[in-house]
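> Give me a 3D structure for the following:
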Amino acid sequence: MSFERQNAAALRILDGLESGSASTADSVALLEEADPALVYLIFTWIRRRYADDPSGAVIARLVAVADKSPAVAAKMKSGQSDPVVQWFEDEHQYRTLGAREFIELVVDKLEG
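Down below sits the predicted model:
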């Protein structure tokens, strides 16, 4: 898949979870097709970004997706040990990157 398509797919996943613009089933379908490292990074970015959100809506969407699909939960867990995750966590901070910048950085590294 080209960088542009991968980037668009990753942004669609993140936006669906962040804004609620995708149903749980749609998010699950996209996440089941995604790279495990990307899944882990997106979930972690959201958890760090919204840890203090009083509404809890975004975190609730993450929980709903993980509860609906054990495959997504397993993919997230397996992605944690990916070298791209280690690189990202050594070089960057989740909370300092906006959604688009975060996705472009991660997809570029995954594609490279």
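
> can you map out the helices along the protein?
Taking DSSP state H, the helices of the chain run over residues 3-19, 24-33, 36-49, 57-68, 70-79, 83-91, 99-111.

> looking at those, which is buried most?
Each of the helices of the chain was scored by mean neighbour count; the highest is helix 36-49, a mean of 21, by mean count of other CB atoms under 10 Å. (C-beta placed from N, C-alpha, C; glycine too.)

> Only alpha carbons, please: show that one as CSV.
Output in CSV follows, covering the C-alpha atoms of helix 36-49 (Å, rounded to 0.1, in the frame of the first residue of the first chain):
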residue,chain,number,x,y,z
PRO,A,36,0.2,-4.2,15.0
ALA,A,37,2.7,-1.4,15.8
LEU,A,38,0.3,1.1,14.3
VAL,A,39,-2.6,-0.3,16.4
TYR,A,40,-0.4,-0.1,19.6
LEU,A,41,0.8,3.4,18.8
ILE,A,42,-2.7,4.8,18.1
PHE,A,43,-4.2,3.3,21.2
THR,A,44,-1.3,4.6,23.3
TRP,A,45,-1.5,8.1,21.7
ILE,A,46,-5.2,8.3,22.5
ARG,A,47,-4.8,7.0,26.0
ARG,A,48,-2.0,9.5,26.8
ARG,A,49,-3.9,12.3,25.1
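
> could I get the helices of the chain as JSON lines with mean pLDDT?
Listed next are the helices of the chain as JSON lines, based on pLDDT from 0 to 100:
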{"stretch": "helix 3-19", "mean pLDDT": "92"}
{"stretch": "helix 24-33", "mean pLDDT": "95"}
{"stretch": "helix 36-49", "mean pLDDT": "96"}
{"stretch": "helix 57-68", "mean pLDDT": "94"}
{"stretch": "helix 70-79", "mean pLDDT": "94"}
{"stretch": "helix 83-91", "mean pLDDT": "96"}
{"stretch": "helix 99-111", "mean pLDDT": "94"}
